[in-house]
Every structure is written in structure tokens, then in C-alpha cells.
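Q: Everything below, folded, please.
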Amino acid sequence: MEDGLVIGFKEASISQKNKLVLSGVNLKLGRGEFVYLIGKTGSGKSSLLQTIYAGIPVRGEVASVCGYDLKTIKKRQIPFLRRKLGIVFQDYQLLSDRSIQENLKFVLKATGWKDKAAISERILEVLSEVGLIAKLNAMPHQLSGGEQQRVAIARAILNKPELILADEPTGNLDPATSNEVMRILNKICEDGTAVLMATHNYNLIQKFPGRIEKCGEGTVVSSGNHEN
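A: Numbering: from 1, shown residues only. Reported below is the predicted structural model:
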């Protein structure tokens with residue numbers, strides 16, 4: 001894969017349950033680049049995101065993510081690929097039975113962190129980035145939707161990923177809160193992490209310009225940059 005590329009797909013084909021979803025996919029995403037993935041429901045956006053984190057198989061000339069060849073990746077390598085990714089879902093997916101601190105600690109321990117002081121320090125760092133240190137000991141149900149999504153972003157950046165995949169991260173949020181989440185994602189991107197964000201929200205694309213890739217008619221087409 002070319003230097004500086006976080007995602008490199010060339011003539012890639014993606015199938016689910018033996019049904020071809022996308023073919024002829026050519027997609028490049030560089031370090032620190034913000035790209036929107038748009039398209040109608042059922043056009044293949046979620047399948048593409050699942051492929052990127054090695055959830056479903058891919059064929060083609062090139063299918064590389066964070067230095068891993070997805071065509072030949074072994075099952076034991078997938079956890080190491082996923083440590084280079086941060087994933088933000090529409091519905092937050094926080095563990096409801098434990099505090100924000102414990103949610104974040106769970107992820108760090110699951111990805112091999114053992115030093116208690118380092119764990120505590122990293123949790124404070126990411127909560128500071130999303131403006132939620134004051135909610136360290138709160139339970140998820142005590143937070144607003146926007147706050148829960150900011151915790152989900154904090155969780156996604158715990159291991160300093162090369163790439164964030166955001167699947168409709170503002171889908172359940174009001175416009176003001178959506179703007180806040182977008183500002184955080186843009187700041188993370190400016191710090192060098194690539195962001196690929198699936199969205200239906202064209203107002204956000206106008207407010208926060210970025211390159212657009214469109215899923216449709218069985219493939220992915222680049223629509224170039226959208227500027228204000």
C-alpha cells in the first residue's frame with residue numbers, strides 16, 4: 001500500500017451471504033483525511049464499513065487497511081487490525097451496567113493495557129478531548145444522547161487509532177448536538193487520524209466540508225470535495 005494511505009481498495013468486490021453488494025470499489029483514504037460516505041439505505045455503506053474492520057470478506061486487486069491485507073488476513077490478526085481502528089455507532093453501544101470510567105477501562109483492559117496508572121491517565125485524556133471529565137463516574141443513563149455519543153468517541157480514540165469509522169454518528173441527535181459531535185471528529189482528524197463517516201445528513205456536509213464517496217448502483221463513486 002502507498003505510504004500515508006490508511007485505506008486502499010482497488011477493484012474490490014464485497015459480498016454478504018453469497019450476494020454481491022459492491023463491486024469495482026476504488027477507495028483511498030490518507031492519514032488525517034475526512035471522508036463522507038453517502039448513499040441510500042441498502043446501498044452498501046454498512047457493508048463497506050464492515051469490510052474495512054474485517055467483519056466480512058473482500059476480493060479484488062487491492063484491499064488494504066492500516067497496513068493489513070484484508071484479502072489474506074488471518075483470524076488471529078483481526079484483533080490487531082481493530083486496535084488500529086476506532087468505531088463510533090449511531091446507538092452509542094455503551095455498557096449500561098457500569099460507569100463511564102468503567103466503560104473505558106473495560107476497552108483498555110480488553111486491548112492489553114495492564115498498568116493501572118496508565119489506564120487512568122489515558123481515560124482522563126480522552127474524556128478531556130470530548131469535554132466530559134466531569135462525567136467520569138456517571139452511568140450512561142444519566143447522560144444525554146449527545147454526551148453518550150461523545151463518550152463513544154472517547155472510547156473510539158482510546159488506543160490512538162489510525163482510522164475512525166463513524167456509522168451515522170449523529171443519526172439520533174438534534175442539530176446543535178450533531179454540530180458538537182462533528183467539531184470533535186474534525187479536531188481528531190486535524191490531529192492526524194483519518195475519519196470515514198457514513199451519513200444521510202447533508203446539512204452537516206455543507207457545514208463541515210470533506211471529500212464525498214457515494215455508494216450506489218453496486219459500487220462506490222467519488223464525488224470530490226464539497227466546499228461551502
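Q: how much space is there between the spatially most central residue of the chain and residue 39?
A: By CA atoms, centre = their mean, the chain has its centre lying nearest to residue 165, at 1.5 Å. Plainly put, residue 165 is 15 Å away from residue 39 if you go by CB to CB, to the nearest Å. To be clear about C-beta, it is placed using only N, CA and C from the backbone, and glycine gets the same treatment.
Q: go on, residue 15?
A: For residue 15, the distance to residue 39 - CB to CB - is 17 Å.
Q: More neighbours: which of the two?
A: residue 39 (20 against 16; other CB atoms under 10 Å).
Q: Contact partners for the more buried one?
A: Shown in contact with residue 39 (CB atoms under 8 Å, 6 or more residues apart in numbering): 45, 214-216.
Q: Now do it against residue 59, distance only.
A: Taking CB to CB, one finds residue 39 at 21 Å from residue 59.
Q: In terms of pLDDT, where does the spatially closest residue to residue 6 that is not a sequence neighbour sit?
A: The shortest distance from residue 6 to any non-neighbouring residue, by CB to CB, 6 or more residues apart in numbering, is to residue 194 (4.4 Å). Here, the pLDDT recorded for residue 194 equals 96.
Q: which residues in the chain form strands?
A: 5-16, 19-30, 34-38, 58-59, 62-65, 68-69, 85-88, 163-167, 194-198, 211-216, 219-225 (DSSP state E).
Q: all helices of this structure, in order?
A: Under the criterion DSSP state H, the chain contains helices at 45-52, 78-83, 100-110, 116-129, 145-156, 175-190, 202-207.
Q: Could you export these as JSON lines, including mean pLDDT?
A: What follows is the helices of the chain, written out as JSON lines (pLDDT from 0 to 100):
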{"stretch": "helix 45-52", "mean pLDDT": "93"}
{"stretch": "helix 78-83", "mean pLDDT": "91"}
{"stretch": "helix 100-110", "mean pLDDT": "95"}
{"stretch": "helix 116-129", "mean pLDDT": "96"}
{"stretch": "helix 145-156", "mean pLDDT": "94"}
{"stretch": "helix 175-190", "mean pLDDT": "94"}
{"stretch": "helix 202-207", "mean pLDDT": "91"}
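Q: Please render those helices as TSV that adds mean neighbour count to the earlier fields.
A: Shown next, in TSV, are the helices of the chain (neighbours: other CB atoms under 10 Å):
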stretch	mean neighbour count
helix 45-52	22
helix 78-83	16
helix 100-110	18
helix 116-129	15
helix 145-156	23
helix 175-190	17
helix 202-207	14
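Q: Spatially nearest residue to residue 99 (excluding sequence neighbours)?
A: residue 137 (5.2 Å).
Q: Distance-wise, check the one you found relative to residue 194.
A: For residue 137 relative to residue 194 (CB to CB), the value is 32 Å.
Q: And those two? Which one has more around it.
A: residue 194 (24 against 10).
Q: Can you list the neighbours in contact with stretch 46-66?
A: 1, 5-16, 21-22, 25, 27, 37, 68-71, 73, 78, 81-82, 84-85, 87, 162-163, 165, 167, 196, 198, 215, 220.
Q: so residue 177 touches residue 146, yeah?
A: Yes: the pair residue 177 / residue 146 is scored as a contact, 3.5 Å apart, by CB atoms under 8 Å.
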